[in-house]
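Trainee: Only the shape, not the letters, is given here:
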């Protein structure tokens, strides 16, 4: 609830695009956390000291943090920059995986299906975060928190 000048609370009217983008962000963060946990358990269980694999686990965990903080900022109406950065990063990884699965004949169609499935959630979140209604919501929220817009200097 937001505070009005008389001390009364009013509901925050978030556009559906913001809410759906937040759901997409949280879902993507959960997927990344699960993938990171599975990969870490596999690396520990097989005593693999592959540096690149451990860097991938750390990248997934960093992605979870970026998505979580970015989603919170988007919901609060303060910014969408971190959210957009957080959903673009997995797209780069997905493009890399898609190119790699096209080159490696061993991965075949399963690798391509996996890449496309993981790439859908960030695309949906990005489209919703860059929506006109989301922009309007962020602009209105910033304007309402700006002291100059309230008449005080």
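Mentor: In hand now; what should we look at? Remember, it's a predicted structure, so these values are computed and weren't measured experimentally. Numbering: from 1, shown residues only.
Trainee: and after the longest helix seen in the chain, which helix or strand comes next?
Mentor: Using DSSP state H, we find that the single longest helix of the chain is helix 16-45. For helix 16-45, the succeeding helix or strand toward the C-terminus, using DSSP states H and E, is helix 51-76.
Trainee: by contact count, what packs against that following helix?
Mentor: Contact partners of helix 51-76 among helices and strands, from 3 or more CB pairs under 8 Å, 6 or more residues apart in numbering; DSSP states H and E: helix 16-45, helix 81-103. C-beta coordinates here come from the backbone N, C-alpha and C atoms, glycine included.
Trainee: closest one to residue 141 among these?
Mentor: Each of the helices and strands packed on helix 51-76 has some distance to residue 141 by CB to CB; the shortest is helix 16-45, at 10.0 Å.
Trainee: so how far is that closest one from its chain's centroid?
Mentor: 9 Å (CA atoms, centre = their mean, to the nearest Å).
Trainee: okay, the angle between that helix and helix 81-103?
Mentor: Interaxial angle of helix 16-45 relative to helix 81-103 (axes from the mean of the first three to the mean of the last three CA atoms, to 10 degrees): 50 degrees.
Trainee: Does helix 16-45 pack against any helices or strands, and if so which?
Mentor: Using 3+ CB pairs under 8 Å, 6+ apart: helix 16-45 touches helix 51-76, helix 81-103, helix 108-129, helix 132-145.
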